[in-house]
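K.L.:
coords please:
(one chain, ligands or ions: 1)
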Amino acid sequence: MAGAQARQRGGNADEVSVTTEHGVRIEVDGEIATITLDRPEKRNAQTFATWSALARIGESLPEQVRVVVVKGEGPSFSAGIDLRMFTPEGVPGQGSFSSAAKSDDVTFEQRMRQAQAGFLWLRRPEIVSIAAVQGHAIGAGFQLALSCDLRIVADDVSFCMKEPALGLVPDLTGTKPLVELVGLAKAIDICLTARTVHADEAMRIGLAEKVVAGGDLDQAVRDKVAQLLAVNRDAAIATKRLLQGAQGRSLEEQCAAERLEQAARIKSLFT
Ligand code: ACO
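P.N.:
As a prediction, the model looks like this:
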């Protein structure tokens with residue numbers, strides 16, 4: 001069920017809005033949006049409703065938001081897909097894998113596309129997304145962290161791409177960023193063994209930007225947010241666009257893209 005509330009900050013006219021839907025909480029405070037998976041008693045297991053809620057947050061994100069923090073309440077960031085999906089009964093109101101197996105190709109493709117929409121928007125150039133990850137980030141949880149631009153992790157983090165061990169593939173937009181971050185060989189190793197990647201390795205192979213003690217995670221994220229917000233907004237958007245396009249372009253094409261973005265910047269700054 002969806003529920004919404006807005007609270008005033010003491011004495012200030014500006015509002016912090018807080019909305020919760022299907023165990024996903026979104027708090028918008030000026031330029032910062034914080035998304036919290038809030039089903040700690042089930043280790044923030046995700047369902048199709050979680051992914052729809054994430055997609056709706058992406059669709060309705062206020063324009064002023066520059067940084068999106070994604071976190072999980074409790075000891076685990078997220079234990080991945082709700083395992084009830086593997087049972088014949090499934091998740092109430094959301095079906096099961098056995099019901100999905102009976103759907104036609106078009107319906108199946110549409111449903112998966114909707115699920116992926118919950119993850120895709122986190123790459124938008126207009127925002128920088130940060131996953132604050134503690135404890136388990138398994139399957140869909142790992143992929144949610146991979147959907148973010150940056151990962152700041154607690155020293156107890158354990159990433160695991162468990163899908164192949166369960167007969168599935170990772171399909172929630174995580175395979176591309178994984179390969180881009182760690183390289184093909186390491187991605188094959190991580191996925192096809194479904195092994196756990198702990199904090200020290202995550203840092204070494206580029207999965208994490210920073211590892212901190214668990215109690216310091218929130219502060220480390222706040223510090224990163226402050227650094228990001230200190231940079232000119234339009235320059236940040238244009239630079240992220242350039243960086244995101246870099247791998248798909250030749251050097252010549254990338255130089256042309258840099259010239260184009262810079263011309264727009266200089267015109268905007270000096271005319
Ligand atoms: N789906 C549904 N419920 C879950 C899930 C899940 N993925 N993960 C944990 N829970 C529930 C447990 O059933 C338990 O519920 P209960 O208290 O009603 O019995 C509660 O959350 C706490 O779980 P514990 O196992 O007791 O917690 P612990 O901290 O000891 O272990 C861990 C956490 C390691 C994450 C463990 O719960 C686990 O292995 N979960 C399953 C992980 C998994 O296989 N996910 C699917 C990945 S594939 C994909 O995402 C596509």
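K.L.:
quick check, Ser99 in a strand?
P.N.:
No: under DSSP: H, G, I helix; E, B strand; the rest coil, Ser99 sits outside any strand and is assigned helix.
K.L.:
List the residues that contact it.
P.N.:
Gly90 (Cβ atoms under 8 Å, 6 or more residues apart in numbering). Using the backbone N, CA and C atoms, a C-beta is placed for each residue, glycine as well.
K.L.:
Minimum distance to the ligand, which residue of the stretch 51-200 of the chain gives it?
P.N.:
Gly139 (2.2 Å; Cβ to the nearest ligand atom).
K.L.:
who touches the nearest residue to that residue once chain neighbours are set aside in this structure?
P.N.:
Spatial nearest neighbour of Gly139, chain neighbours left out: Gly80 (3.1 Å); criterion: Cβ to Cβ, 6 or more residues apart in numbering. The contact partners of Gly80, taken as Cβ under 8 Å, 6+ apart, are Ala45, Gln46, Ile138, Gly139, Ala140, Gly141, Phe142, Lys162.
K.L.:
Could you tell me the phi and psi values at Gly80?
P.N.:
When read as degrees, to the nearest 10, the backbone of Gly80 gives phi 80, psi -160.
K.L.:
Tell me which of the contacts of Gly80 fall in strands.
P.N.:
Ile138 (DSSP state E).
K.L.:
hey, where'd the helices end up in this protein?
P.N.:
If you assign secondary structure with DSSP state H, the helices in the chain sit at 48-60, 97-101, 105-120, 140-147, 175-182, 184-193, 199-205, 217-229, 233-246, 251-270.
K.L.:
which of the ones you listed sits most buried?
P.N.:
helix 140-147 (a mean of 28; mean count of other Cβ atoms under 10 Å).
K.L.:
Turn the contacts of Gly80 into a markdown table, columns for pLDDT and distance to Leu243.
P.N.:
Output for the contacts of Gly80, formatted as a markdown table (pLDDT from 0 to 100; distance: Cβ to Cβ, whole Å):
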| residue | pLDDT | distance to Leu243 |
| --- | --- | --- |
| Ala45 | 98 | 33 |
| Gln46 | 97 | 28 |
| Ile138 | 98 | 29 |
| Gly139 | 98 | 28 |
| Ala140 | 98 | 26 |
| Gly141 | 98 | 25 |
| Phe142 | 99 | 23 |
| Lys162 | 98 | 30 |
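K.L.:
Throw the contacts of Gly80 into CSV and include distance to Leu184, thanks.
P.N.:
Compiled in CSV, the contacts of Gly80 are given as follows (distance: Cβ to Cβ, whole Å):
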residue, distance to Leu184
Ala45, 30
Gln46, 27
Ile138, 22
Gly139, 20
Ala140, 22
Gly141, 23
Phe142, 17
Lys162, 20
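K.L.:
right, is stretch 193-201 up against the ligand?
P.N.:
No: applying Cβ under 6 Å from any ligand atom, one finds stretch 193-201 separated from the ligand by no less than 9.0 Å.
K.L.:
Show me what from the stretch 51-200 of the chain comes close to the ligand.
P.N.:
75-76, 79-83, 136, 138-140, 162-163, 166, 168.
K.L.:
Just the buried ones from these, in PyMOL syntax?
P.N.:
Typed into PyMOL, the next command selects the buried ones out of these (criterion: 16 or more other Cβ atoms under 10 Å):
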select buried, resi 76+79+80+81+82+136+138+139+140+162+163
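K.L.:
one step back: select from the helices of the chain the stretch with the lowest mean pLDDT.
P.N.:
Mean pLDDT is lowest for helix 97-101 out of the helices of the chain, coming in at a mean of 92.
K.L.:
can I get the CA coordinates of that helix in PDB?
P.N.:
The C-alpha coordinates for helix 97-101 follow below in PDB (Å, rounded to 0.1, in the frame of the first residue of the first chain):
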ATOM      1  CA  PHE A  97       8.200 -18.000 -11.600                       C
ATOM      2  CA  SER A  98       5.900 -20.900 -12.500                       C
ATOM      3  CA  SER A  99       3.100 -18.600 -13.400                       C
ATOM      4  CA  ALA A 100       5.500 -16.400 -15.400                       C
ATOM      5  CA  ALA A 101       6.700 -19.400 -17.200                       C
END
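K.L.:
Please compute how far it lies from its chain's middle.
P.N.:
Distance, stretch centre to chain centre, for helix 97-101: 26 Å (Cα atoms, centre = their mean, to the nearest Å).
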